[in-house]
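*Asks:* Would you be able to build a 3D model of this:
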Amino acid sequence: MQNSESNICEGTKQATVLMMQGTASDVGKSVITTAFCRIFTQDGYLTAPYKSQNMALNSYVTEDGKEIGRAQGVQAEACGIQATTDMNPVLIKPIKDMYSQVVVHGTPFQTMSALDYRNLFLPKAKDIVMDALGRLREQYDIVVMEGAGSPAEINLKSNDIVNMNLAGWADAPVILIADIDRGGVFAFIVGTLELLEPHERNRVKGFIINKFRGDITLLEPGLTWLTERTGIPVLGVLPFIEEIKIEAEDSVALEAVRLLNNDHKDIDIAVIQYPRISNFTDFDPLREEQDVALRYVRTIEELGQPDVIILPGTKDTIGDLEYLRKQGFEEALERALLTNTQIVGICGGYQMLGEVLHDPYAVEAGEPRSAKGLGYLPVSTTFLKEKTTVRVIGTVAPEHPIFMESCSGTMAVEGYEIHMGETVCLEQGQAVPLFHLQHLEGQVENEGWGTPDGSKWGTYLHGIFHNDSIRDAWLNRLRVDKGLIPVSHTISTSMRKEQEFDRVADIVRSHVDMQAVYTIMGICK
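*Replies:* Below is the predicted model:
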């Protein structure tokens, strides 16, 4: 439903933007932004998410093969629309301390130090982020903007393009989100306001307190005090939502996963959590399988004797390979293979499984370098200057041993690739392809390789386990190999995602004064 003059409050301009900011990182901005995207969409408004600058290693590939932060891609899904780079025009991908790859409108722009980014890039970034926002505002009824970290970082405010400066440029009302679960919520809120300039403070139109546990009546005196102290209303108090199943953008979310009870599960899968892990949401569907324990491990002591060890994606393949060796994982992998553990590599992890890695153009570091791989697959990887970002479709290669039964080239697969490296098979007689990918030109290409016995395999395809039939066929092979009964039903990943959008939106709607939110935006309901 397009907004019309009839639903714009008398005496106000049409407000098409609403901004969510937080008192700190990890207070729940992304999830709450996703919930509001869903609520506005449910209410009939054509809605889009927007985050001008995102720092994340969890990426999302748009339909036209561009790279943005995963949170904005997921938020677009909650809106029922296709994601575009206008929704996240600047993406920062940390490579190592003080250095990051800067991605502008989905394409790598430059690897920059934090100082150069601040002094050379940010002063020129206003036009980039405002042009993107302007295009969204022309296409949609409501744009839900998400800030980053805290707006009260004194050392960063002068060159800010993602918090209060952006709110001013966009003339956006701000809702400030605070996390009560970490303690000190009133100090966080009042302290944040005290550090804002008067014109910035005037943009804050309401508070949402997130992650509350307990009896709300015990909190009410504090809420009354806060409103009286600041003159700003508390729009809602959200309960602590157990096991939110909306894909996260930051690896800090893995801490909650690490604490999950995985006892008494038939299949044990361990994902190695190295320092620059990326796109860890590849494995979220495995967490939903009732008989699967999905664990993220940092040390060989945590590893144990799993059925599968996964080497996930990384933004620093050679650097994280060195980390594996220093932590003793290379020897641990050798021992695991003796107990029939399957070794899987996704993207950067796939590259590590090969014979050698070359970085002649210093794509991942300050100087050219090479490294010996783990040597489990007869493949070699060379890092190139151009990044591959593409969505792909194809079929499973016939009779591949990692699946429950012969797929005869008919089981479909889809996913996306985000990588700088090109990997080639050195001895095709020593390995079998995993997938046949279909190109627009009609060509068919082998993608991913594994050993003939299925004990080791790797692929560039992110999202492989989001393919329900692929996940079922792979897990059933593991079940049969352990003497377990195959599972015949399929959990629909897409349906579960839609249900989770609705669940979180319903919780937010029931605990937030939505009429007040619409009034803040200048929309009469």
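*Asks:* all helices of the stretch 401-525 of the chain, in order?
*Replies:* Using DSSP state H, counting those that start in this stretch, the helices of the stretch 401-525 of the chain run over 468-481, 493-511, 514-521.
*Asks:* chain center to the second one: distance?
*Replies:* It stands for helix 493-511. 17 Å (CA atoms, centre = their mean, to the nearest Å).
*Asks:* what angle sits between it and helix 468-481?
*Replies:* 110 degrees (axes from the mean of the first three to the mean of the last three CA atoms, to 10 degrees).
*Asks:* Run the angle between helix 493-511 and helix 514-521 for me.
*Replies:* Put simply, helix 493-511 runs at 90 degrees to helix 514-521, going by the same axes, to 10 degrees.
*Asks:* Name the residues of helix 493-511 that are buried.
*Replies:* Buried residues in helix 493-511, counted by 16 or more other CB atoms under 10 Å: 493, 497, 500, 501, 503, 504, 505, 508, 509, 511. C-beta coordinates here come from the backbone N, C-alpha and C atoms, glycine included.
*Asks:* Going by distance to residue 31, which of those residues wins?
*Replies:* The nearest member of the buried residues of helix 493-511 to residue 31, counting by CB to CB, is residue 504 at 6.5 Å.
*Asks:* For the closest one, which residues are in contact?
*Replies:* For residue 504, the contact set (CB atoms under 8 Å, 6 or more residues apart in numbering) comprises 31, 34, 35, 38, 241, 244, 246.
*Asks:* Other residues contacting stretch 194-207?
*Replies:* By CB under 8 Å, 6+ apart, stretch 194-207 touches 19, 21, 151-152, 154, 164, 167-168, 172-178, 189, 193, 226, 232-235, 516-517, 520.
*Asks:* same thing but at 6 Å, please
*Replies:* Applying CB atoms under 6 Å, 6 or more residues apart in numbering, the external contacts of stretch 194-207 come out as 152, 164, 167, 173-176, 193, 232-235, 520.
*Asks:* From these, pick the one nearest residue 272.
*Replies:* Residue 272 lies nearest to residue 152 out of the contacts of stretch 194-207, by CB to CB, at 36.3 Å.
*Asks:* sorry, back to before: relative to residue 486, which of the buried residues of helix 493-511 is nearest.
*Replies:* Nearest member of the buried residues of helix 493-511 to residue 486, counting by CB to CB, is residue 493, at 18.9 Å.
*Asks:* Can you give me the distance of that closest one to residue 275?
*Replies:* Distance of residue 493 to residue 275, computed by CB to CB, to the nearest Å: 28 Å.
*Asks:* Just put the helices of the stretch 401-525 of the chain in JSON lines and tack on mean pLDDT and distance to residue 211.
*Replies:* Converted to JSON lines, the helices of the stretch 401-525 of the chain look like this (pLDDT from 0 to 100; distance: least, CB to CB, whole Å):
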{"stretch": "helix 468-481", "mean pLDDT": "93", "distance to residue 211": "31"}
{"stretch": "helix 493-511", "mean pLDDT": "96", "distance to residue 211": "12"}
{"stretch": "helix 514-521", "mean pLDDT": "96", "distance to residue 211": "19"}
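*Asks:* Same list, those helices, but as TSV with distance to residue 350 please.
*Replies:* Listed next are these as TSV, based on distance: least, CB to CB, whole Å:
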stretch	distance to residue 350
helix 468-481	16
helix 493-511	22
helix 514-521	45
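*Asks:* do you know how far residue 239 is from residue 208?
*Replies:* Distance, residue 239 to residue 208, by CB to CB: 12 Å.
*Asks:* from what I can see residue 174 touches residue 17, true?
*Replies:* No - taking contacts as CB atoms under 6 Å, residue 174 lies outside contact range of residue 17: 10.0 Å.
*Asks:* the more surrounded of these two?
*Replies:* With neighbours defined as other CB atoms under 10 Å, residue 174 and residue 17 compare such that residue 174 has more, 26 against 20.
*Asks:* so what pLDDT did that one get?
*Replies:* Looking at residue 174, its pLDDT reads 98.
*Asks:* residues touching it, list them.
*Replies:* Counting by CB under 6 Å, 6+ apart, residue 174 has contacts 19, 21, 167, 203, 204.
*Asks:* Just the closest of the buried residues of helix 493-511 to residue 383, please.
*Replies:* Residue 383 lies nearest to residue 493 out of the buried residues of helix 493-511, by CB to CB, at 31.2 Å.
*Asks:* for that closest one, what are its contacts?
*Replies:* By CB under 6 Å, 6+ apart, the contact set of residue 493 is 285, 466, 468.
*Asks:* and the gap between the residue nearest to residue 128 when sequence neighbours are not counted and residue 164?
*Replies:* The shortest distance from residue 128 to any non-neighbouring residue, by CB to CB, 6 or more residues apart in numbering, is to residue 89 (5.4 Å). Shown here: residue 89 relative to residue 164, a distance of 18 Å by CB to CB.
*Asks:* quick one, which of the two is more surrounded?
*Replies:* Comparing residue 89 with residue 164 by other CB under 10 Å, the one with more neighbours is residue 89, at 27 against 23.
*Asks:* Would you confirm that the more buried one contacts residue 130?
*Replies:* No - with contact defined as CB under 6 Å, residue 89 does not count as touching residue 130 (9.4 Å).
*Asks:* Which residues does residue 145 form beta bridges with?
*Replies:* residue 19, residue 50 (DSSP bridges).
*Asks:* who's more crowded, residue 239 and residue 208?
*Replies:* The neighbour comparison of residue 239 against residue 208 (other CB under 10 Å) goes to residue 208, with 25 against 14.
*Asks:* What pLDDT does the model give that one?
*Replies:* With respect to pLDDT, residue 208 scores 98.
*Asks:* which residues does it bridge with?
*Replies:* residue 177, residue 236.
*Asks:* Tell me which of the helices of the stretch 401-525 of the chain sits nearest to residue 349.
*Replies:* Among those, the nearest to residue 349 by CB to CB is helix 468-481 (15.9 Å).
*Asks:* low pLDDT regions in this protein?
*Replies:* Confidence mapping of the chain against pLDDT under 70 gives the ranges 1-15, 249-262, 399, 405-409, 440-442.
*Asks:* Return the strand ranked longest in it as PDB; C-alpha atoms alone will do.
*Replies:* When the chain is parsed with DSSP state E, its longest strand is strand 379-396. Extracted in PDB, the C-alpha atoms of strand 379-396 (Å, rounded to 0.1, in the frame of the first residue of the first chain):
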ATOM      1  CA  VAL A 379      43.800 -28.900  -5.700                       C
ATOM      2  CA  SER A 380      45.700 -25.700  -5.900                       C
ATOM      3  CA  THR A 381      44.400 -22.200  -5.200                       C
ATOM      4  CA  THR A 382      45.700 -18.900  -6.500                       C
ATOM      5  CA  PHE A 383      44.300 -15.600  -5.200                       C
ATOM      6  CA  LEU A 384      43.300 -13.200  -7.900                       C
ATOM      7  CA  LYS A 385      42.700  -9.400  -8.000                       C
ATOM      8  CA  GLU A 386      39.100  -9.800  -9.000                       C
ATOM      9  CA  LYS A 387      36.500 -11.200  -6.500                       C
ATOM     10  CA  THR A 388      34.000 -13.800  -7.600                       C
ATOM     11  CA  THR A 389      30.500 -13.000  -6.200                       C
ATOM     12  CA  VAL A 390      27.800 -14.900  -8.000                       C
ATOM     13  CA  ARG A 391      24.600 -16.900  -7.300                       C
ATOM     14  CA  VAL A 392      24.800 -20.400  -8.900                       C
ATOM     15  CA  ILE A 393      22.500 -23.300  -9.700                       C
ATOM     16  CA  GLY A 394      23.400 -26.800 -10.800                       C
ATOM     17  CA  THR A 395      23.100 -30.500  -9.900                       C
ATOM     18  CA  VAL A 396      24.900 -33.000  -7.800                       C
END
